[in-house]
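Novice: need a structure here:
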Amino acid sequence: MSGILGDLVGPAKLVVIKIGKDPEQFKVETEIEIGKQSFFNFKNDAKLALEYSILSKTQSRIVHALGDWHYKNLTDENVTTINDEEIPPDRDRILNDGDVIRIKKDDDILIFIFIVKFKGDIAWKRIQLDKEQSVYHIYSHLSEDNVDKASIGPLDTTGEVTHHAIIRFTEGHWQLEDADTSGTVLVNQNAITGTKVLNLYDVINIGSTHFVFVGDYIAYNQETFTNNNLTINIQERSVRNIFKKHILLKDISLTVEPGNMVLILGGSGAGKTTFINAVTGYEKAKADIKQGDIDVYDDYDKMKYKIGMVPQQDLLRGEDTVVMTLSNAAEMRMPNYASVNARKERVQNTLELFGLDTVKGELVEKLSGGQRKRLSIAIEFVADPSLFILDEPDSGLDGVMARDLMKQLRHIADQNKIVMVITHTPDRVVDLFDKVIVLAKNSQQTGQLAFYGTVAEAREFFGKNTMEEIILAINSEGEGGEGQADLYIEKFAKYRSEANANG
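Specialist: You can find the predicted model right below:
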């Protein structure tokens with residue numbers, strides 16, 4: 001991109017990745033200098049001061065000139081590479097979209113990813129790499145704005161997608177395999193064909209998505225699909241008897257993005273099941289519940305096929321086989337235009353995903369508790385819903401089986417679906433969740449929102465180390481808790497109000 005028109009380019013983005021920390025994203029206007037934060041640094045749009053000891057006080061400069069973006073290394077205190085090419089001090093190099101800049105010093109490393117067009121903050125997610133799972137698929141689809149967006153999961157998804165690559169654990173290491181010769185798979189901006197052993201902190205680029213290999217997990221940027229956000233605004237959910245009205249829930253407002261797995265936390269009587277019934281439309285509240293532009297209540301006939309609801313008690317028929325159960329579910333829940341072969345293929349893929357293929361001919365009554373749980377979830381999954389809500393899916397399961405089940409739910413969320421889970425043993429699986437909703441019963445015995453945010457933010461907000469300690473904090477003293485529900489409900493309302501006021 002050169003010439004006069006090139007100088008009219010909009011701002012770029014610089015993503016800073018420090019292993020073990022959440023990626024940071026910065027807007028780059030026409031010029032920015034990068035360096036280490038010091039006591040005397042002042043806020044300056046032309047200076048990016050970062051709190052990383054690996055950086056020099058004056059590390060580098062990024063500038064847009066003559067139609068191109070340029071990167072200049074300004075120090076010899078560490079080693080700089082761009083796409084594995086070392087950049088000596090005072091060297092100027094043109095930057096292209098997706099270029100991977102690494103700053104290395106001894107065993108320390110800092111990664112920058114340069115993105116030509118700034119489109120606001122994009123969510124960064126992670127997927128754990130399980131050696132027993134061994135195979136993960138990278139696939140992509142075109143968004144409504146014709147941007148190629150990639151995802152990663154344990155099983156190639158359904159729908160109109162392009163299968164690009166496989167990450168496989170073999171012979172003691174993870175390797176990347178090019179699965180689509182019509183597309184381009186880049187590692188550190190270098191095209192690969194065949195297979196490549198992944199080295200720590202390699203950056204895989206497919207379309208507009210970047211995947212950073214961190215050994216036991218992959219971190220990747222995922223553009224928020226705002227047209228599929230779940231927006232929840234519950235003004236009130238109440239019941240009446242002949243004497244008075246009792247308000248079960250009130251003033252609950254939040255938004256959940258696709259790709260998020262959300263923990264629903266709360267003590268006994270806080271309204272967790274009432275909340276999910278209101279969200280799904282099974283028990284309507286005075287509320288506005290939308291996924292994208294579809295109103296769950298007004299368009300319930302349309303939305304009910306997009307919602308997968310797994311109750312605590314299964315409704316399985318013991319005299320049916322596993323495959324018969326799933327086939328019947330596919331016939332009832334999949335679109336009418338789906339062919340017989342498409343349904344059979346979907347059933348088989350679902351059996352494999354949930355580890356039920358080896359028992360597909362067994363009667364349901366012969367299944368173990370864990371297998372029954374997986375079958376209940378598979379029944380909802382077979383129709384490919386966009387919203388999954390589960391009420392204590394891990395009840396009655398031991399720690400190993402419960403974690404295995406929750407990991408499968410994590411994989412479902414990683415296919416750009418929303419997964420919301422109630423569990424009474426959250427701490428054994430809390431690392432698998434993106435967000436947590438905390439419901440608390442106030443002094444009027446009404447459930448209200450006491451917190452919504454990431455797990456780390458919840459720990460900081462409540463000053464607690466575990467989710468169970470958070471429940472104790474909001475439970476009443478009569479239930480063995482600390483009786484601080486009203487305090488945290490008010491604190492969160494103030495916290496949210498201040499955050500909104502600050503933009």
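
Novice: from here on, just use CA atoms for contacts and neighbour counts.
Specialist: OK.

Novice: who touches the nearest residue to residue 320 once chain neighbours are set aside in this structure?
Specialist: If the residues on either side of it in the chain are set aside, residue 320 comes closest to residue 363, at 5.5 Å by CA to CA, 6 or more residues apart in numbering. Applying CA atoms under 8 Å, 6 or more residues apart in numbering, we find residue 363 in contact with 318-322.

Novice: domain assignment for the chain?
Specialist: 4-115, 123-223, 228-306+388-501, 315-384 (automatic domain parsing).

Novice: columns mean pLDDT on top of these, output as JSON lines?
Specialist: Shown next, in JSON lines, are the domains of the chain (pLDDT from 0 to 100):
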{"stretch": "domain 4-115", "mean pLDDT": "85"}
{"stretch": "domain 123-223", "mean pLDDT": "74"}
{"stretch": "domain 228-306+388-501", "mean pLDDT": "90"}
{"stretch": "domain 315-384", "mean pLDDT": "89"}
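
Novice: burial measure for residue 253, as a count.
Specialist: Neighbours of residue 253 under the rule other CA atoms under 10 Å: 16.

Novice: show residues contacting whichever helix in the chain runs longest.
Specialist: In the chain, taking DSSP state H as the definition, the longest helix is helix 485-501. Applying CA under 8 Å, 6+ apart, the contact partners of helix 485-501 are 440-443, 448-451, 462, 473-476.

Novice: weed out the non-buried ones from those residues.
Specialist: Neighbour counting by 16 or more other CA atoms under 10 Å classes 440-442, 448-451, 462, 473-476 among the contacts of helix 485-501 as buried.

Novice: next, count neighbours for residue 344.
Specialist: Residue 344, neighbours per other CA under 10 Å, totals 16.

Novice: relative to residue 419, how far out is the residue lying closest to residue 435 once chain neighbours are set aside?
Specialist: Leaving aside its sequence neighbours, residue 435 sits nearest to residue 454 (CA to CA, 6+ apart; 4.2 Å). For residue 454, the distance to residue 419 equals 14 Å [CA to CA, to the nearest Å].

Novice: more neighbours: which of the two?
Specialist: Shown here are residue 454 and residue 419; by other CA under 10 Å, residue 419 has more neighbours (26 against 16).

Novice: report the contact partners of the more buried one.
Specialist: 259-262, 387-390, 409-410, 412-413.

Novice: widest-spaced pair of these?
Specialist: 259 and 390 (15.7 Å; CA to CA).

Novice: the more surrounded of these two?
Specialist: Higher neighbour count among residue 259 and residue 390: residue 259, with 26 against 21, using other CA under 10 Å.

Novice: do me a favour and get the end-to-end distance for stretch 72-81?
Specialist: 11 Å.

Novice: identify all contacting residues around it.
Specialist: 54-56, 58-62, 86-93, 101-105.

Novice: from the buried ones among the contacts of helix 485-501, which is closest to residue 25?
Specialist: Out of those, the member with the shortest distance to residue 25 (by CA to CA) is residue 451, at 25.0 Å.

Novice: am I right that that closest one is in a helix?
Specialist: No: if the criterion is DSSP: H, G, I helix; E, B strand; the rest coil, then residue 451 is strand and not within a helix.

Novice: now do the contacts for the residue nearest to it when sequence neighbours are not counted.
Specialist: Nearest residue to residue 451, sequence neighbours excluded (CA to CA, 6+ apart): residue 438, at 5.0 Å. Residues near residue 438 by CA under 8 Å, 6+ apart: 264-266, 449-452.

Novice: which of those residues lies closest to residue 299?
Specialist: Nearest to residue 299 among the contacts of residue 438, counting by CA to CA, is residue 264 at 25.0 Å.

Novice: could you check how far that closest one is from residue 461?
Specialist: 16 Å.

Novice: and what of residue 267?
Specialist: From residue 267 to residue 461 the distance is 17 Å (CA to CA).

Novice: strands along the stretch 151-300 of the chain, start to end?
Specialist: Per DSSP state E, counting those that start in this stretch, the stretch 151-300 of the chain carries strands over the ranges 162-170, 173-178, 186-187, 190-191, 195-197, 203-206, 209-213, 217-222, 230-240, 245-256, 261-266, 286-291, 294-295.

Novice: sorry, back to before: can you select the buried ones among the contacts of residue 363 for me in ChimeraX?
Specialist: Buried subset of those, written as a ChimeraX selection, criterion 16+ other CA under 10 Å:
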select :321,322
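
Novice: from the contacts of residue 363, which is closest to residue 82?
Specialist: When the contacts of residue 363 are compared against residue 82 (criterion: CA to CA), the nearest one is residue 322, at 52.6 Å.

Novice: show me the contacts for the closest one.
Specialist: 356, 359-364, 375.

Novice: what about 10 Å?
Specialist: 316, 351, 356-357, 359-367, 371-372, 375 (CA atoms under 10 Å, 6 or more residues apart in numbering).

Novice: let's see which of those end up in helices.
Specialist: Reading helices off the contacts of residue 322 with DSSP H, I get 351, 371-372, 375.

Novice: and the helices in the stretch 301-450 of the chain?
Specialist: Taking DSSP state H, counting those that start in this stretch as the test, the helices found in the stretch 301-450 of the chain are 322-333, 340-353, 369-381, 399-413.

Novice: to residue 280, which of those lies closest?
Specialist: So among the helices of the stretch 301-450 of the chain, helix 369-381 is nearest, using CA to CA, at 13.5 Å.

Novice: hang on, the earlier thing: among the contacts of residue 419, name the buried ones.
Specialist: 259-262, 387-390, 409-410, 412-413.

Novice: give me the element residue 114 is part of.
Specialist: Residue 114 is part of strand 108-115, with elements assigned from DSSP states H and E.

Novice: any idea of the angle whatever helix or strand comes next after that strand forms with helix 399-413?
Specialist: Following strand 108-115 in sequence order, the next helix or strand is strand 123-128 (DSSP H and E). With axes from the mean of the first three to the mean of the last three CA atoms, to 10 degrees as the basis, strand 123-128 and helix 399-413 are set at 140 degrees to each other.

Novice: show me what strand 123-128 is packed against.
Specialist: strand 148-153, strand 209-213, strand 217-222, helix 399-413 (3 or more CA pairs under 10 Å, 6 or more residues apart in numbering; DSSP states H and E).

Novice: show residues contacting that strand.
Specialist: Contact with strand 123-128 is made by 22-25, 136, 152-154, 210-224, 257, 259-260, 407, 410-411, 414, 431-432, 434, as judged by CA under 10 Å, 6+ apart.

Novice: stretch 281-300 now?
Specialist: Stretch 281-300 is contacted from outside by 225-239, 248-253, 255-258, 274-280, 302-304, 306-307, 309, 386-387, using CA under 10 Å, 6+ apart.

Novice: and the end-to-end length of it?
Specialist: 7 Å.

Novice: buried ones in it?
Specialist: 281, 284-285, 287-291, 294-297, 300.

Novice: for stretch 491-503, same thing?
Specialist: Buried-residue list, stretch 491-503, by 16+ other CA under 10 Å: 491-492.

Novice: how about stretch 305-316?
Specialist: 305-310, 312, 316.

Novice: and stretch 172-190, by the same measure?
Specialist: For stretch 172-190, the buried set under the neighbour-count rule, 16+ other CA under 10 Å, comprises 174-180, 184-189.

Novice: show the end-to-end separation of stretch 458-476, please.
Specialist: 19 Å.
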